[in-house]
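[1] return atomic coordinates for the entry below.
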Amino acid sequence: MSLRVDRDGAAGVAVVTLDRPERHNAVDLETAAELGALWREFRFDEGVRAVVVTGAGSAAFCTGIDRSAQVPQPASPYSIDDPMTAIGPKANDLWKPVIAAVNGMACGGAFYLLGEAEFIISSTTATYFDPHTSYGMVSAYEAIYMAQRMPFGEVARMSLMGTSERLSARRAHEIGLVSELAEPAELMAAAERAARTLAGFPTEAVQGTVRALWAAKEGARAQALAQAPHLIALGNLPPERQAALFAARRPGADFRVR
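    Residues are numbered from 1 along each chain as shown. Predicted coordinates:
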């Protein structure tokens, strides 16, 4: 199993941990399927009234899709299969509140999860960045999700600057991407405290409020996401050229944190 799930039945809280620290909690096909199934399970579990999602270890919350994952593609030029589009709670019709507790790096496909959380509590040592353009890929879904949460100029800068720049937790808090900062040792306590508060309220009212909040921006988001597959098909380099750029990267190379 690539996920660890801890339930506190008395509090009504579940903690979901991406448990692949040796891969920086990157999502492979198994993990993607497990996440989708888990969110759907929570829809019917009356003992779960709020959820915290986090990553194992201190190095990363999630670094997106695992580069080793092989995703078969249909021959049709009009469709792209992306397993990441179904890893979030809203994509699986879960309207119970989800809080993201971010430790270490959150980049690329991590934004599929962060984009569908109600709010983010971040370790002071976390960083946020989007490597797509550096490796010849279009940041479509990720940029669209973050454009719902960040000022336009900030998400444009993060999406375009690729691996050259990382957003610090402090800056993420200043621009409203992150709602609360916590020291690393206090991160989970802060997230679980918020989740217990939400789980303690009447769940019908909480879920209705979650649904209302998302309805406020759902139309624009749905229209933007409908364009994403076409932009990716047009703008992505061939996979072998992407792989060459990725292989040529310099681990630990200089980048600016702002």
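[2] mind checking the end-to-end distance for stretch 115-125?
    Using C-alpha to C-alpha, to the nearest Å, one end of stretch 115-125 lies 20 Å from the other.
[3] just the buried positions in that stretch, please.
    115, 116, 117, 118, 119, 120, 121, 122, 123, 125 (16 or more other C-beta atoms under 10 Å). C-beta here means a position set from N, CA and C on the backbone, and glycine is covered the same way.
[4] ok, residues contacting that stretch?
    Contact partners of stretch 115-125, identified using C-beta atoms under 8 Å, 6 or more residues apart in numbering, comprise 53, 58, 88-91, 97-104, 114, 142, 144-146, 148-149, 169-170, 172-173, 177-184, 187, 190-191, 194, 210, 213.
[5] all strands in the stretch 1-150 of the chain, in order from the N-terminus.
    Taking DSSP state E, counting those that start in this stretch as the test, the strands found in the stretch 1-150 of the chain are 3-8, 13-18, 50-55, 60-62, 98-102, 105-107, 119-123, 127-129.
[6] what's in contact with the last one?
    Contacts of strand 127-129 from elsewhere in the structure, counted by C-beta under 8 Å, 6+ apart, are 102, 104-107, 158, 161-163, 165-169, 172, 177, 255, 257.
[7] tell me the strands in the stretch 151-258 of the chain, going along the chain?
    In the stretch 151-258 of the chain, the strands defined using DSSP E, counting those that start in this stretch lie at 165-168, 180-182, 256-257.
[8] other SSEs contacting the second one?
    By that I understand strand 180-182. Secondary-structure packing of strand 180-182 (3 or more C-beta pairs under 8 Å, 6 or more residues apart in numbering; DSSP states H and E): strand 119-123, helix 169-174, helix 187-199.
[9] what lines up beside it in the sheet?
    Strand 180-182 sits in its sheet next to strand 119-123 (parallel), going by DSSP bridges.
[10] can you show me the CA trace of the partner strand as PDB?
    Only the C-alpha atoms of strand 119-123 are listed here, as PDB (Å, rounded to 0.1, in the frame of the first residue of the first chain):
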ATOM      1  CA  PHE A 119      -7.000  25.100   3.100                       C
ATOM      2  CA  ILE A 120      -3.300  24.400   3.600                       C
ATOM      3  CA  ILE A 121      -1.300  24.400   6.800                       C
ATOM      4  CA  SER A 122       2.400  24.600   6.000                       C
ATOM      5  CA  SER A 123       5.600  23.800   7.700                       C
END
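[11] quick check: angle from that strand to strand 50-55?
    Here strand 119-123 points in a direction 40 degrees away from that of strand 50-55 (axes from the mean of the first three to the mean of the last three C-alpha atoms, to 10 degrees).
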